[in-house]
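Asker: Following is a predicted model, sequence given first.
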Amino acid sequence: MKPVSLVTISAALLLSGCTVGPDYQRGTGLAEILGLGSENPSGATFTAAPDQAADAAQNISHWWERLGDPTLVPLVAEMLANNKDLSASAARVLQAQASLENIAGSRLPSLDLGPSANRSFTTNQAGDRTYTNSFTVGTTLSWQTDLFGRLKRSQRAQAANFAAAEADWQGLIHTQIATLVRTRVALATLQRRLDATRAIAESRNATLEAVERRYRAGLESTNAVDLHAARENYTSALADIPSLENDIAAATTSLQVLLGRLPGSALTDLKTLTNVPPPQTVPFGVPATLLDRRPDLRAAEFRLEAATENVGVAIADLYPNLTLTGTFSSTDSSASNLFDVTSLAGSLMGQIAQPLFNGGARRATVRQREAQVEEQAALYAGNILTAFKEVEDALTAERQSAKRLIQLESTLREGRLAETSAFDRFRRGIGAYETLLETQRRLQLTEQTLLIEQQNKWNARIDLLLALGGDWLDIATGSQTSNIPSTKTNTKDTVAYETHS
């Protein structure tokens, strides 16, 4: 083997032995990969991480606690502790924080220590060796001065990016809570629709039995067509039940994923989720300043601020950069004399770096950063307009849904009276089965439509709460309005929404 190869292999082995940092190791089981607690391998809940999301949720309006639904509070708390999307977003916040600390550290002087020891020998003609020892301790102090504020503005830009990451995190918390409430409302609505469908099936079964009795009795008012139609009416109601049960199962697994549970594991008894209280009436004149609480608007403003600071960084790069370097060392053949006065040496150097020619790249960077400011400003303004649109759309949707519910409730009352009367007339032999059949089908359609419209009204209310960044009850209590950060868009302060019940 060639000597060069031996040296290469030895160097590779030496370097591989000095590798630092963790190596990836895949979990040996599903429970370990997902972070499930070993005390419950069946997968009921994930092991709760530090309650960081719950702490962040304290800074947003706790609108879910004021919906009149006691089952939501523990579900939200569990989701904040175990939701994996929130954990990933929290990790992004930590990354932004570490980047900020890194930039802040670069503004301070750096000090390096480099001790070394050397032992060498020489051989004379007689073959005798003479050994010499040399010990050195050296330090290097380096400080990059910030004459034109490049490092200061870099720190400010990263601080704004860090604040934007936190706002994104809070926005995701807000969105995930809204998704949880939507899923909870959907589960309750589906369960009520399933109960109504089962009741309709029982009613149609009773009608079928009545038709069969009349047909077997040979009554002229009932024929084979009526019998088959009654059976079709009953089986069609039964056919709707598996579809609703499938929708309930899908909503249940969605809820489990939100809660950080393994899909298919045990869930809270659905009987506690069947009743959804109607949303409270929106008061008139909710101020538009509530939009200032929206995390996405705050994040957009922070990104605009970061882009503005980056322009200053690019401009500062056009000017000279001064770096101060100081060295201090001590060298002696004996370690005990290292810090003797006669062995000390030092130096101080100042270096100025001034770019002379770079093909216009630095000035192009300034123009690029200025264009990024214009982009972020337009995005911020567009986000504000979108926020107003979302509020108006949610208010309109809830108002129209409320009107439709009034008509549907009246239709349902009349439909139930008509169904009762039609069945009574048919039972006494003075009413046609076609009339009863049509009445029952219209009644089922009205019941299902009413329940779906109630869910639509809830979804419109959740859209409104998302658009406003919370509810409006904090204004009455004065509990959190003082903590609402304001943006630079003062035009919003003059607007108040005309809200509707």
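Answerer: Great, that's in hand.

Asker: What degree of burial does residue 191 show, as a neighbour count?
Answerer: Counted with other CB atoms under 10 Å, residues neighbouring residue 191 total 20. (Glycine included, C-beta is placed from N, CA and C.)

Asker: To which secondary structure element is the spatially closest residue to residue 344 that is not a sequence neighbour assigned?
Answerer: Nearest non-adjacent residue to residue 344, counting by CB to CB, 6 or more residues apart in numbering: residue 330, 5.3 Å away. Here residue 330 sits within strand 321-332, counting by DSSP states H and E.

Asker: State the paired neighbours of that strand in the sheet, together with their directions.
Answerer: Its sheet considered, strand 321-332 pairs with strand 129-144 (antiparallel), strand 344-353 (antiparallel) by DSSP bridges.

Asker: who's sitting farthest from the centroid in the chain?
Answerer: residue 126 (79.9 Å; CA atoms, centre = their mean).

Asker: On the pLDDT front, check residue 459 for me.
Answerer: As predicted, residue 459 sits at a pLDDT of 91.

Asker: Please renumber the chain so that the first residue is 25 from this point on.
Answerer: Shifting the count to begin at 25 puts that one at residue 483.

Asker: what residues are up against it?
Answerer: With contact set as CB atoms under 8 Å, 6 or more residues apart in numbering, residue 483 has these partners: 206, 209.

Asker: and it, how far is that from residue 318?
Answerer: 19 Å (CB to CB, to the nearest Å).

Asker: Residue 184 too?
Answerer: Going from residue 184 to residue 318 by CB to CB gives 17 Å.

Asker: cool, residue 485 as well?
Answerer: 17 Å.

Asker: Over to residue 408?
Answerer: Distance, residue 408 to residue 318, using CB to CB: 9 Å.

Asker: more crowded one of those two?
Answerer: For residue 408 versus residue 318, neighbours defined as other CB under 10 Å are more numerous around residue 318 (25 against 19).

Asker: which stretches of the protein form strands?
Answerer: 134-137, 140-147, 153-168, 310-311, 345-356, 368-377, 520-521 (DSSP state E).

Asker: Of those, which stretch is the most buried?
Answerer: Counting by mean count of other CB atoms under 10 Å, strand 310-311 has the highest mean neighbour count of the strands of the chain, with a mean of 18.

Asker: average pLDDT for that strand?
Answerer: When pLDDT is averaged over strand 310-311, the result is 59.

Asker: same check, this time on stretch 184-195
Answerer: Per-residue scores along stretch 184-195 average to 91.

Asker: what comes up buried for that stretch?
Answerer: Residues 184-195 are the ones in stretch 184-195 that count as buried (16 or more other CB atoms under 10 Å).

Asker: The residue nearest to residue 368 against residue 160, yeah?
Answerer: Yes - assessed by CB atoms under 8 Å, residue 354 is found in contact with residue 160 at 7.0 Å.

Asker: Now list whatever residues contact both of the two.
Answerer: Counting by CB under 8 Å, 6+ apart, the residues touching both residue 354 and residue 160 are residue 362.

Asker: returning to what we had before: among the buried residues of stretch 184-195, which are in helices?
Answerer: Under the assignment DSSP state H, these contribute 184-195 to helices.

Asker: From these, pick the one nearest residue 105.
Answerer: residue 193 (14.8 Å; CB to CB).

Asker: and the closest residue to that closest one other than its chain neighbours, what is it in contact with?
Answerer: Excluding the flanking residues, the one nearest residue 193 by CB to CB, 6+ apart is residue 113, at 4.6 Å. Contact criterion CB under 8 Å, 6+ apart gives 192-193, 196 as the residues in contact with residue 113.

Asker: Spit out the contact partners of residue 97.
Answerer: Taking CB under 8 Å, 6+ apart, we find residue 97 in contact with 88-89.

Asker: Spatially nearest residue to the most centrally placed residue in the chain (excluding sequence neighbours)?
Answerer: Of all residues in the chain, the one closest to the mean position by CA atoms, centre = their mean is residue 196, 2.6 Å from it. Leaving aside its sequence neighbours, residue 196 sits nearest to residue 113 (CB to CB, 6+ apart; 4.9 Å).

Asker: Give me the pLDDT value at the one you found.
Answerer: Predicted confidence (pLDDT) for residue 113: 89.

Asker: what does residue 408 give?
Answerer: The score at residue 408 is 88. That number is its pLDDT.

Asker: repeat for the one 5 residues further on
Answerer: Among the per-residue scores, residue 413 shows a pLDDT of 91.

Asker: burial measure for it, as a count.
Answerer: By other CB under 10 Å, 11 other residues sit near residue 413.

Asker: How much space separates it from residue 159?
Answerer: 74 Å.

Asker: do the same with residue 234
Answerer: Separation of residue 234 from residue 159 (CB to CB): 109 Å.

Asker: sorry, back to before: looking at it, the residue nearest to the centre of the chain is touching residue 108, isn't it?
Answerer: No - contact status for residue 196 versus residue 108: not in contact, 11.5 Å apart, counting by CB under 8 Å.

Asker: Show me which of the ones in helices among the buried residues of stretch 184-195 is closest to residue 100.
Answerer: residue 194 (14.2 Å).

Asker: so how far is residue 422 from that closest one?
Answerer: Counting by CB to CB, the gap from residue 194 to residue 422 is 25 Å.

Asker: Please apply the same query to residue 481.
Answerer: Applying CB to CB to residue 481 and residue 422 gives a distance of 6 Å.

Asker: what about the two, which has more around it?
Answerer: Just comparing residue 481 and residue 422: by other CB under 10 Å the higher neighbour count belongs to residue 422, 25 against 21.

Asker: What are the structural domain limits within the protein?
Answerer: With automatic domain parsing as the criterion, the domains of the chain are listed as 89-131+170-343+378-521, 134-169+345-369.

Asker: Residue 401: neighbouring residues, count only.
Answerer: When neighbours are counted by other CB under 10 Å, residue 401 comes out with 16.
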